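[1] sequence first, then the predicted structure:
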Amino acid sequence: HLATSLPLPSERDHLRPRIDLIVFMIDIKSKYSLKNIEASLAHVDANFFLGKVCFLITGVGRVNYCSVDMNAIWKLGEVYCSPVLFCELELEGIRVATAQRLLRMLQICAGHVPGVSSLSFGSLMRGSADD
């Protein structure tokens, strides 16, 4: 399910499936997308930041057109203890690899991978990014 911002409308709460993973997409070419994410973060329950949130940064192949401060993006990942992934949506191979990575993250967050919790997965992601 996709949403352009949070909070989600409450009138359909009874029909909404369980939310296992939230992927915040930030277009590196749009300051508005970062501002929208920053405003939406206030509506996310703190428990989600325990391995069930990630930031997906798109448009990374066009750093010459970058409107978003990369330090602000890294700070989001740090402050919310959430992984930051980068993707160029216009390149099919990278788009497919990113989709597969997100799907695997979703499987873990939903509890469909025995022996791996979203909490431990989040720690593994942060550990590999720090190396």
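    Structure's in. What do you need?

[2] which other residues reach the longest helix that the chain contains?
    Taking DSSP state H as the criterion, the chain has its longest helix at helix 92-109. Residues outside helix 92-109 that contact it (CB atoms under 8 Å, 6 or more residues apart in numbering): 20-21, 23, 51-52, 54, 56, 85, 87-89, 113, 116-118, 121. (Each C-beta comes from the backbone N, C-alpha and C, glycine too.)

[3] in this protein, which spans are strands?
    Under the criterion DSSP state E, the chain contains strands at 22-27, 53-58, 84-87.

[4] show me which residues of the last one are buried.
    The one in question is strand 84-87. For strand 84-87, burial by neighbour count (16 or more other CB atoms under 10 Å) applies to 84-85, 87.

[5] send over it as PDB, restricted to the C-alpha atoms.
    Output of strand 84-87 as PDB, limited to C-alpha atoms (Å, rounded to 0.1, in the frame of the first residue of the first chain):
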ATOM      1  CA  VAL A  84      19.200   4.200   4.600                       C
ATOM      2  CA  LEU A  85      19.100   2.600   1.200                       C
ATOM      3  CA  PHE A  86      20.000   4.300  -2.100                       C
ATOM      4  CA  CYS A  87      18.400   3.500  -5.500                       C
END
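
[6] partners of that strand in the sheet?
    The strands beside strand 84-87 in its sheet (DSSP bridges) come out as strand 53-58 (parallel).

[7] hmm, back to that, how about the strands of the chain in JSON lines, adding mean pLDDT and distance to M105?
    Output for the strands of the chain, formatted as JSON lines (pLDDT from 0 to 100; distance: least, CB to CB, whole Å):
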{"stretch": "strand 22-27", "mean pLDDT": "94", "distance to M105": "8"}
{"stretch": "strand 53-58", "mean pLDDT": "94", "distance to M105": "7"}
{"stretch": "strand 84-87", "mean pLDDT": "92", "distance to M105": "9"}
